[in-house]
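K.L.:
Fold the stuff below for me.
(chains A, B, C and D)
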2 protein chains.
Amino acid sequence: MLDEKKVKQVVDFDKAPGERETPGFELPLLLFAGFRTLIDELHAELARQGHPDVRPAHGFALQAIGLGPDAASTTEVGRSLGVSKQAAGKTVDRLVELGYAERSDDPADARRKLVRLTPHGRDALARSAAIFEALRTRWATALGGDRLRDLEDALRTVTPAESFGLDASAWLRG
Amino acid sequence: MLDEKKVKQVVDFDKAPGERETPGFELPLLLFAGFRTLIDELHAELARQGHPDVRPAHGFALQAIGLGPDAASTTEVGRSLGVSKQAAGKTVDRLVELGYAERSDDPADARRKLVRLTPHGRDALARSAAIFEALRTRWATALGGDRLRDLEDALRTVTPAESFGLDASAWLRG
DNA sequence: TTCTTTTCGTCAAGCACGTTGTCGATTCTA
DNA sequence: TAGAATCGACAACGTGCTTGACGAAAAGAA
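P.N.:
Numbering: from 1, shown residues only, chains lettered A, B, ... in the order given. The predicted structure follows:
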């Protein structure tokens, strides 16, 4: 890494001016632009479908609450999101305020409070899944199904598995 | 958009179980994972090279300060970053504390304070560029140059130009 | 020129969202 | 059963953004 001589070799070797490689700093910007585009369009469409209050951070939290077959505890939600249990508690508070989640006591453990999605929350999650499907279809139409599949495969190749969690919102603070 | 019937057609039509399309929600996660991987590796390497204090948000700000030929004002930096001038002012304060930028009076306008990169700041920016180049080369090695170029082209196709700014850090609040 | 409007940078207050530390209550374990 | 671990809440705080207000300086119009 950082061997600039080698970089120059690989990047500019025998290239005519018009077909020089794109500068390296564009790659993260392109990836982020793609991510942002999808998330923005998701939330614009969610707002149109009766969920104007959902924010990106809420979406990840809804997913974290809703994924398991059993109801999750606040602490578990925090682990899924990569944040402290206190932060998760506050996020759950907010989702309860907004009517997306509800708490109940765990009959098997008096310390725990179970967090469940309300019908409204399940609706948001189901619509999100459908919208993501539609957005992917739009990309497949614009790019061709093969190119999109290859894009996904390529990203799977270069990203370690641990980059994959729902802790996206927790990351940006870094 | 959101025509679920059409989605099902395109996604699952005539596919054997093994070659079904990847679910739509993975696409944003893959894009974000790629972005995060690059940024994490950039900052890990920057830390090794004498810049342990630079954070992702700082990197974008350094870029915003350093891009023009002339020194920028705080307000202009804010515009580049997509945040208010007050927020930009605080970010510049922090960069000044860390030794990456310095303020000076504008001889032509007593209201303005010019923001300039220090040699330390220019060093960070130059090293960032080199590291991004090296990271892109690593991806090119892992994927093949053609696939990487196609990935970049594909992302350029599906992302609107206005998603491209340095206002990445300002975005997550949405 | 003088008056008005705009712009620059700062101060202040507040919000969103994360952190660490502490605590009582409850459960697990040795 | 005594001690350790865990759950969720409360408090205090940090960061980074927002809006609103303000004085000083510049720009535009009379």
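
K.L.:
in chain A, which helix has the most residues?
P.N.:
helix A:119-143 (DSSP state H).

K.L.:
Buried ones in it, by neighbour count?
P.N.:
A:121, A:124-125, A:127-128, A:130-140, A:143 (16 or more other C-beta atoms under 10 Å in any protein chain shown). C-beta coordinates here come from the backbone N, C-alpha and C atoms, glycine included.

K.L.:
contacts with chain B among these, please.
P.N.:
The residues of these that also fall near chain B, by C-beta under 8 Å from any C-beta of the partner chain, are A:128, A:130-140, A:143.

K.L.:
so does stretch A:75-87 get close to chain B?
P.N.:
No - using C-beta under 8 Å from any C-beta, stretch A:75-87 never reaches chain B; the gap is at least 11.7 Å.

K.L.:
since we're on residue A:88, how many residues are nearby?
P.N.:
Residue A:88: 25 surrounding residues under other C-beta atoms under 10 Å in any protein chain shown.

K.L.:
May I have the predicted confidence score for the residue nearest to it when sequence neighbours are not counted?
P.N.:
Using C-beta to C-beta, 6 or more residues apart in numbering or on different chains and skipping the chain neighbours, the partner closest in space to residue A:88 is residue A:78 (3.2 Å). At residue A:78, the pLDDT value in this model is 93.

K.L.:
swap in the one 3 residues further on?
P.N.:
The predicted local distance difference test score for residue A:81 is 90.

K.L.:
what sits against it?
P.N.:
A:60-61, A:64, A:87-88, A:91, A:165-167, A:169-170 (C-beta atoms under 8 Å, 6 or more residues apart in numbering or on different chains).

K.L.:
ok, and the most crowded of these?
P.N.:
The most crowded member of the contacts of residue A:81, judged by other C-beta under 10 Å, is residue A:61 (28 neighbours).

K.L.:
could you list every residue that touches that one?
P.N.:
By C-beta under 8 Å, 6+ apart, residue A:61 lies in contact with A:77, A:81, A:88, A:91-92, A:95.

K.L.:
next one: residue A:22
P.N.:
B:149, B:152.

K.L.:
What strands flank the strand of greatest length in chain A, and is each parallel or antiparallel?
P.N.:
Counting by DSSP state E, the longest strand found in chain A is strand A:109-117. Using DSSP bridges, strand A:109-117 pairs in its sheet with strand A:72-73 (antiparallel), strand A:101-106 (antiparallel).

K.L.:
still on that earlier bit, from the contact counts, what lies against the longest helix of chain A?
P.N.:
Counting contacts by 3 or more C-beta pairs under 8 Å, 6 or more residues apart in numbering or on different chains; DSSP states H and E, helix A:119-143 packs against helix A:26-48, helix A:56-66, helix A:145-158, helix B:4-12, helix B:26-48, helix B:145-158.

K.L.:
between those helices, which one is nearest to residue A:109?
P.N.:
Proximity to residue A:109 (C-beta to C-beta) singles out helix A:56-66 among these, at 17.7 Å.

K.L.:
That closest one close to DNA strand C?
P.N.:
Yes - using C-beta under 7 Å from any atom of the strand, helix A:56-66 reaches DNA strand C at residue A:57.

K.L.:
is that helix up against DNA strand D anywhere?
P.N.:
No - judged by C-beta under 7 Å from any atom of the strand, helix A:56-66 stays clear of DNA strand D, getting no closer than 11.8 Å.

K.L.:
Could I get the average pLDDT for that helix?
P.N.:
On average, helix A:56-66 scores 88.

K.L.:
Relative to the whole chain's centre, how far out is it?
P.N.:
The chain centroid and the centroid of helix A:56-66 are separated by 9 Å under C-alpha atoms, centre = their mean, to the nearest Å.

K.L.:
buried set for the longest strand of chain A?
P.N.:
Buried residues in strand A:109-117 (16+ other C-beta under 10 Å): A:112-115, A:117.

K.L.:
Please apply the same query to stretch A:54-67.
P.N.:
A:54-66.

K.L.:
Could you do stretch A:72-85 as well?
P.N.:
Going by 16+ other C-beta under 10 Å, stretch A:72-85 has these buried residues: A:72-83.

K.L.:
Let me have the contacts of residue A:81 in a markdown table, extended by secondary structure and distance to residue A:104.
P.N.:
Shown next, in a markdown table, are the contacts of residue A:81 (DSSP: H, G, I helix; E, B strand; the rest coil; distance: C-beta to C-beta, whole Å):
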| residue | secondary structure | distance to residue A:104 |
| --- | --- | --- |
| A:60 | helix | 22 |
| A:61 | helix | 17 |
| A:64 | helix | 17 |
| A:87 | helix | 21 |
| A:88 | helix | 17 |
| A:91 | helix | 17 |
| A:165 | coil | 26 |
| A:166 | coil | 23 |
| A:167 | coil | 26 |
| A:169 | helix | 26 |
| A:170 | helix | 26 |
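
K.L.:
Can you report how many residues lie near residue A:144?
P.N.:
Around residue A:144 there are 12 residues (other C-beta under 10 Å).

K.L.:
mind checking how far the closest residue to residue A:71 other than its chain neighbours is from DNA strand C?
P.N.:
Nearest residue to residue A:71, sequence neighbours excluded (C-beta to C-beta, 6+ apart): residue A:114, at 3.9 Å. Taking C-beta to the nearest atom of the strand, to the nearest Å as the measure, residue A:114 falls 13 Å from DNA strand C.
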